[in-house]
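Colleague: sequence below, structure please.
(chains A and B)
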Amino acid sequence: MKEGRAWLSLVVTPLQWVVDIPARVADSLSGVVVDRASLVRENEALKSEALVLERKVQQMAALTAENIRLRELLAADARLDPETRMVELIGVNPDPFQHQVILNQGIEDGVFVGQPVLDAGGVMGQVVNLSHYTSRVMLITDARSAVPVEVNRNGFRGIALGKGVLGELELEHIPDTADIRQGDLLVTSGLGGRFPRGYPVARVTEVVRDPGRPFKLIKAEPTARLDRSRYLLLVEYRSELSRVLAEPPHE
Amino acid sequence: MNEESRGGGMIIFATFMVGMVLSQMPLPDLLVWARPEWVVLILIYWVMALPHRVGMGSAFLIGVLLDVVRGSVLGLSALSLTLIAFLVLLLYKRLRMFPLWQQSFMVLVLVGINQLLFHWMQGITGTTGSSLLFLLPSVVSALVWPWLFLLLRAVRHTFYLS
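Modeller: Just a heads-up that it's a prediction; the model follows:
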């Protein structure tokens, strides 16, 4: 059935490219029609940003080495940095109830179902559907999406559910006594076996403690720019868990 | 059927393809809910104008394609489009006699049925929200109908489709 759908999608793939043409043309036009002053300004901004990032990377090398040493002391597994590759967004699902985007790579490029997708800001979502040359990504704000997260400050775990509203996530079943504050960064906990650990997902915007309810109401805003990013990163990450699940059971 | 009407099949298919492209075009946030259901409108027109050529079978095939384009569960749009084709097959003799504004009202009802069915079934698979805004496209479709009707009639006359 899945295969059949992939083959059928092959028929409509040119259609998806056609849909993307206006955006592409607009992009290239705004690349051509741009004045020198704004280019110079952009260049300067990028240079200063590069400087800041380079400084962070300098520290990063030392910190990584230190982290590996400490992990060796604890006899824990070393953390690997998964490979990523850049993909381009070529379409958005027009149904406002479904938060999905379409990428320009598919089975032929080695994309697989469940593959995590990031942008510069954090986790965007996961691949849910494949065709030969395109793939469909469910964003983390989709009503069907759930991302296992932890609070970066203290490691408290929870599950960030999409609400079908762009720019809003909710943490459900968090006890009243849990230490979660406004402004906390939520990062992936890696527990679900889908997302690698430690990528930013959302920032807590609202914590409501209603004595009439059994749990806290916690709202968070995704750190990824879900509705604006055109260039995304596909992470080559298959956790042990998903590998075990993918294997056929042995006798 | 002569050669001419076989060539016409491609024209009809092409209008459906244009409809699918239009139904996938990104829209600004304000208009996201107000997208006319292009494919349903085009289907209503062709079933009404050429009921002996475009019927429930073609509606089903177009529906499957639309499902693949939309990424919805395979067969959802196919079912709702087949139902719409069935209703138009029942109604086409009356529809042809109606003035355009009255046709628009029928289109409002037909697209409304399509939307209800589609979203009801999507609710079963879990992708739905609580808003009733998904009915808005039926109103917009009714407003678009007279112009689309005239356009498609012009297409039909240009290519002598019958």
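Colleague: how far does stretch A:96-116 stretch from start to finish?
Modeller: Stretch A:96-116 has an end-to-end distance of 22 Å (C-alpha to C-alpha, to the nearest Å).
Colleague: nope, stretch B:51-58 is what I was after
Modeller: Start to finish, the residues bounding stretch B:51-58 are 11 Å apart (C-alpha to C-alpha).
Colleague: touching chain A at all, that stretch?
Modeller: No - using C-beta under 8 Å from any C-beta of the partner chain, we find that stretch B:51-58 stays clear of chain A, coming within 15.5 Å at best. C-beta here means a position set from N, CA and C on the backbone, and glycine is covered the same way.
Colleague: just the mean pLDDT for that stretch, thanks.
Modeller: The average pLDDT within stretch B:51-58 is 91.
Colleague: tell me which residues are up against it.
Modeller: Residues outside stretch B:51-58 that contact it (C-beta atoms under 8 Å, 6 or more residues apart in numbering or on different chains): B:5, B:8-9, B:12, B:43, B:46-47, B:82, B:85-86, B:88-89, B:92.
Colleague: next secondary structure after the longest helix belonging to chain B?
Modeller: Using DSSP state H to define each element, chain B has its longest helix at helix B:100-125. As assigned by DSSP states H and E, the chain's next helix or strand after helix B:100-125 is helix B:136-158.
Colleague: near chain A at all, that following helix?
Modeller: No - contact of helix B:136-158 with chain A (C-beta under 8 Å from any C-beta) is absent, the minimum separation being 10.1 Å.
Colleague: need the CA coordinates for that helix. PDB is fine.
Modeller: The C-alpha trace of helix B:136-158 is given here as PDB (Å, rounded to 0.1, in the frame of the first residue of the first chain):
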ATOM      1  CA  LEU B 136     -16.100  28.700   4.600                       C
ATOM      2  CA  PRO B 137     -14.700  27.300   1.200                       C
ATOM      3  CA  SER B 138     -18.300  26.400   0.300                       C
ATOM      4  CA  VAL B 139     -19.300  30.000   0.400                       C
ATOM      5  CA  VAL B 140     -16.200  31.200  -1.500                       C
ATOM      6  CA  SER B 141     -16.800  28.400  -4.000                       C
ATOM      7  CA  ALA B 142     -20.400  29.600  -4.600                       C
ATOM      8  CA  LEU B 143     -19.100  33.100  -5.200                       C
ATOM      9  CA  VAL B 144     -16.400  31.900  -7.600                       C
ATOM     10  CA  TRP B 145     -18.800  29.600  -9.500                       C
ATOM     11  CA  PRO B 146     -20.400  32.000 -12.000                       C
ATOM     12  CA  TRP B 147     -16.900  33.100 -13.300                       C
ATOM     13  CA  LEU B 148     -15.600  29.600 -13.400                       C
ATOM     14  CA  PHE B 149     -18.700  28.400 -15.200                       C
ATOM     15  CA  LEU B 150     -18.300  31.100 -17.900                       C
ATOM     16  CA  LEU B 151     -14.600  30.300 -18.200                       C
ATOM     17  CA  LEU B 152     -15.100  26.500 -18.500                       C
ATOM     18  CA  ARG B 153     -17.900  27.000 -20.900                       C
ATOM     19  CA  ALA B 154     -15.600  29.100 -23.000                       C
ATOM     20  CA  VAL B 155     -13.000  26.300 -22.800                       C
ATOM     21  CA  ARG B 156     -15.700  23.800 -23.800                       C
ATOM     22  CA  HIS B 157     -16.800  25.800 -26.800                       C
ATOM     23  CA  THR B 158     -13.200  26.600 -27.900                       C
END
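Colleague: quick one: it to helix B:100-125, angle?
Modeller: Relative orientation of helix B:136-158 versus helix B:100-125 (axes from the mean of the first three to the mean of the last three C-alpha atoms, to 10 degrees): 130 degrees.
Colleague: surely residue A:135 touches residue A:102?
Modeller: Yes - counting by C-beta atoms under 8 Å, residue A:135 touches residue A:102, with 7.2 Å between them.
Colleague: these two - which one has more neighbours?
Modeller: Taking neighbours as other C-beta atoms under 10 Å in any protein chain shown, residue A:135 and residue A:102 compare with residue A:135 leading, 27 against 23.
Colleague: just list the residues touching the residue most central in space within chain B, thanks.
Modeller: Residue closest to the mean C-alpha point of chain B, counted by C-alpha atoms, centre = their mean, is residue B:40 at 1.0 Å. Contacts for residue B:40 were tallied using C-beta under 8 Å, 6+ apart; they are B:81, B:84, B:110, B:111, B:114, B:141.
Colleague: which residues touch the last one?
Modeller: Pointing back at residue B:141 there. Contacts of residue B:141 by C-beta under 8 Å, 6+ apart are B:36, B:37, B:40, B:41, B:107, B:108, B:111.
Colleague: ok, now the second one?
Modeller: Contacts for residue B:84 were tallied using C-beta under 8 Å, 6+ apart; they are B:40, B:43, B:44, B:59, B:110, B:113, B:114.
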